[in-house]
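# Could you look at this predicted model? Sequence included:
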Amino acid sequence: MKSEYAARPSGGRSTSTSRSARASRRQLKLYLFCYLGLLPTILLFVILRVRPLFSTLQLSFYNWNMIKPIKPFVGFDNYRALLKDDLFLLSLRNTTLFAFGTVIMTAVLSLALASALSGRRKMSAFYQVVYFIPVVTPMVPVSIIWKWIYDPGYGLLNYILSFFGIEPVGWLTYPNLALFSIIVMCIWKALGYNMVMFLVGLKAISRQYYEAAAIDGASGWKSFRYITLPLLKPIILYVLVTSTIDAFNVFTPVYVMTTGSQGAPGNAVRTLVYNMYEDGFRYFKMGYASAQAAVLLLIVLVLTVLQFAFLRHEDTSSQGP
Amino acid sequence: MLKMRKVGFLWLLCLMALACLIPPVNAASGKAIRLAIWSGYPEMAPFYQKVIEDYKKENPEVEVTFLTNPLREHEQKISAAIPANTAADIIETSTYVMQKFIDAGLIDPNPPKVDKFLKSGVYDPFYVTLNTSEGKTYGVPFFQGRQVMFWNTQMFKEAGLSHAPTTWEEVIDFSRKLAKYDAQGNLSRAGISLRKSGGGSGVTEKWWFWVYPAGGSIVEQVSKDKWRNGYDNDAGRSALKLYIDLIHKYKVDSHKIKADAEGFALQTHAMFTRESWVVGYMKQNAPSVQFDTAPLPKNKRAGTICTLMNFYVTKSSKNPEAAWDFVLFMMRPEYQKYLLSKVGWFPCRTDVDYEEIYKQVPQYRAFMALPAGYQLYAYPSLACYDEIQTKLSERLIQAFLDASLVDNPGKIARVISDAARETDDILRANGVYAGK
């Protein structure tokens, strides 16, 4: 910008100044118009998103019981209590296990599926639709259906396993299996979305790279390892980080699958949001639940920062000199 | 021209924003009185439809609407709405759920007319006592949840048994006679179905029905506002031992067998404990299954829980008088009978003659005809009781899976005392712990 101004002829300075003043007035009006147009949306965003966020942070410093009239300020006591709370630490551990289990498996499987489908012409669209159907199905009916699939006596899974001589398994009632069972369901649910993301990435890779690699004698695994994977890196990062954020916020399947006499034991599948919900809405400890929400926010924030850092690095490095 | 368009567009945006802020004009706000009821039992819908229809005939100016949610969601909804003063006019819920709101002054005591009705002899004095706090009555008892033993008469007959178990010894003996196994030795039909898993507080509640006859409880009141655990004793240990023996020693119940009312309807087990709604459930879902009901088996003492579901008029109501009038309308004897015959929940009014319904559905009789010496007990008025039950449930679920507890009294004692410590810690954190 500086060099543009310097290149202008010095004789036309006054004309140029008045022209630029008019231009900046016009630009100001345009900005004003744009911001006024955006104002209702920004207001709604502030009221519905930003304000509750700050209210939650504020609540986390109070002993805020929903039904008690006195709500004293307790500073960092709620945070200190979290460090000694076995259920919170268990839910943090379960959530991390859940996040790693679902994210890694979903990424690997959806990349494999996308790779298999990207080269096919026949039936590719059909398979894409089939894998995408679980994504558009709401989580509550999906969880109820899977609860039936996992039913120890009448479930489809045990029925299929019985053909191989495997005895019925209490998929949801055995604590060691309950979290694993929910992970499998969530992988099935998220597979289609990540597959579509990878398909878009794969289709954006020019065929010329593969042709050049083939001339040099590289094909199959080598071209996948040295061409596909590096060029898919931004998509892989996006999928990994957004899936991790989603996984840390898991609640609905845990809630649905723990209900009823043969639901999963709460502690075996206790995740951060489920723990937060119990403390807040069952035991009315809103201040304590808010402290957990703040910790979750911090985790998600760190992951988001990581996402930005990686993607920015990718953009910078791909621009070249 | 462009400028005018921009200005016009801005005006449009402002008008849209204003339209969002202005509340809708209530066309009928002139005379109609609107009342809303929230219920935690979706199966109550036919009852509400009927009473609302009938009430409308007598009071055309009153419009009543109802909303039912599953119990857990209902309790969460009222927990958020009552403190925020946005609850429905009338709420149907248990004494124990409402007690914390009563203690916090968020629910008003009954007006004199309702108080008089409560004390007029239409209810068992026990119910009136349960709904009395600091000398004032709160809410009107509507229906009650009492636990009984449901037993499949056909299966019992086949096993040569003529009655439901009356003692713990009979529970073990009958369960062993009723259980069936496949060729590999796996349990194919449970002799008894115990509540062994699932989130929330249900596991502890069902275990309580065995702790109580053994002489214990989940919490015991020491003084007016002071409590301590009531199961770190022989009662708690023997109730846990009974579960462990039935599941792992005698193998008459299993986590792999369909449990609860669903399992009873599918005949995957021979007996289990539940409330009166199961009678209606069986009539609708498994009319061919032959069953009966009986009082819970005794041990050192005998008794069953009595959970009252009441109607409360909230402070949010703009028409509390009309709301109470509608509540009293629902208490009329014909609607109490309608509730039992159509829905299956047991009405609270004890002055109404249900004999006609007993003749049609004899399974209801065990709910009301209590044997001599049989006691009724209720949920304690403790705000933290749900937390106690829910956290204890998780420990019990873990214990019920542990086969190493069989014939291991030391380990059973450790499980119980660890759990009891947590219960006492919750009481302490809430400032109501009595100490040892």
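Yep, it's here.

# rest of the way, CA atoms for contacts and neighbours
Will do.

# Do I have it right that residue A:209 meets residue A:227?
Yes. Using Cα atoms under 8 Å, residue A:209 makes contact with residue A:227 at a distance of 7.2 Å.

# which of the two has more neighbours?
Between residue A:209 and residue A:227, counted using other Cα atoms under 10 Å in any protein chain shown, residue A:227 has the larger neighbour count: 17 against 13.

# so how far is residue A:17 from the more buried one?
53 Å (Cα to Cα, to the nearest Å).

# Helices of the stretch 101-250 of chain B, residue ranges please.
Applying DSSP state H, counting those that start in this stretch to the stretch 101-250 of chain B gives helices spanning B:112-118, B:125-130, B:153-158, B:168-178, B:202-211, B:234-244.

# Reformat those as a markdown table; add mean pLDDT and distance to residue A:269.
Formatted as a markdown table, the helices of the stretch 101-250 of chain B follow (pLDDT from 0 to 100; distance: least, Cα to Cα, whole Å):
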| stretch | mean pLDDT | distance to residue A:269 |
| --- | --- | --- |
| helix B:112-118 | 96 | 45 |
| helix B:125-130 | 91 | 37 |
| helix B:153-158 | 97 | 37 |
| helix B:168-178 | 97 | 32 |
| helix B:202-211 | 94 | 16 |
| helix B:234-244 | 98 | 23 |
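
# Out of those helices, which is closest to residue B:368?
helix B:125-130 (13.7 Å; Cα to Cα).

# So for the closest one, what gets flagged as buried?
Neighbour counts over helix B:125-130 (16 or more other Cα atoms under 10 Å in any protein chain shown) mark B:127, B:128, B:130 as buried.

# what's the closest of the residues you listed to chain A?
residue B:130 (21.1 Å; Cα to the nearest Cα).

# Quick check: closest non-adjacent residue to that closest one.
residue B:95 (7.4 Å; Cα to Cα, 6 or more residues apart in numbering or on different chains).

# in terms of contact, does the one you found touch residue B:312 like I think?
No. Residue B:95 is beyond contact range of residue B:312, at 9.7 Å (criterion: Cα under 8 Å).

# Point out where the stretch 51-200 of chain B drops to low pLDDT.
Within the stretch 51-200 of chain B, no stretch has pLDDT under 70.

# meant to ask about the stretch 151-300 of chain A
A:260-264, A:266.

# for residue A:288, what are its contacts?
Residues counted as contacts of residue A:288 (Cα atoms under 8 Å, 6 or more residues apart in numbering or on different chains) are A:60, A:62, A:63, A:64, A:78, A:79, A:279, A:280.

# Can you tell me which residues in chain B are near chain A?
Residues of chain B lying close to chain A (Cα under 8 Å from any Cα of the partner chain) are B:6, B:10, B:13, B:17, B:76, B:79-80, B:83, B:100-101, B:104, B:195-200, B:202, B:255-260, B:384, B:386-387, B:394, B:397-398, B:401.

# domain assignment for chain B?
Domain segmentation of chain B under automatic domain parsing yields B:33-146+B:306-375, B:148-305+B:379-429.

# With respect to burial, which of the ones you listed scores highest?
domain B:148-305+B:379-429 (a mean of 20; mean count of other Cα atoms under 10 Å in any protein chain shown).

# Quote the end-to-end distance of that domain.
So domain B:148-305+B:379-429: terminal residues 35 Å apart, Cα to Cα.

# Kindly report the same for stretch A:168-180.
16 Å.

# Just the residues contacting stretch A:218-238, thanks.
Against stretch A:218-238 from outside (Cα under 8 Å, 6+ apart): A:107, A:197-198, A:201-202, A:205, A:209-210, A:213, A:307, A:310-311, A:314.

# so what are the domain limits for chain A?
Split by automatic domain parsing, chain A gives A:2-59, A:81-319.

# Could you confirm residue B:396 falls within a strand?
No. Read with DSSP: H, G, I helix; E, B strand; the rest coil, residue B:396 is helix and lies in no strand.

# which residue packs closest to residue B:229, ignoring adjacent ones?
Counting by Cα to Cα, 6+ apart, the residue nearest residue B:229 is residue B:219, at 4.2 Å.
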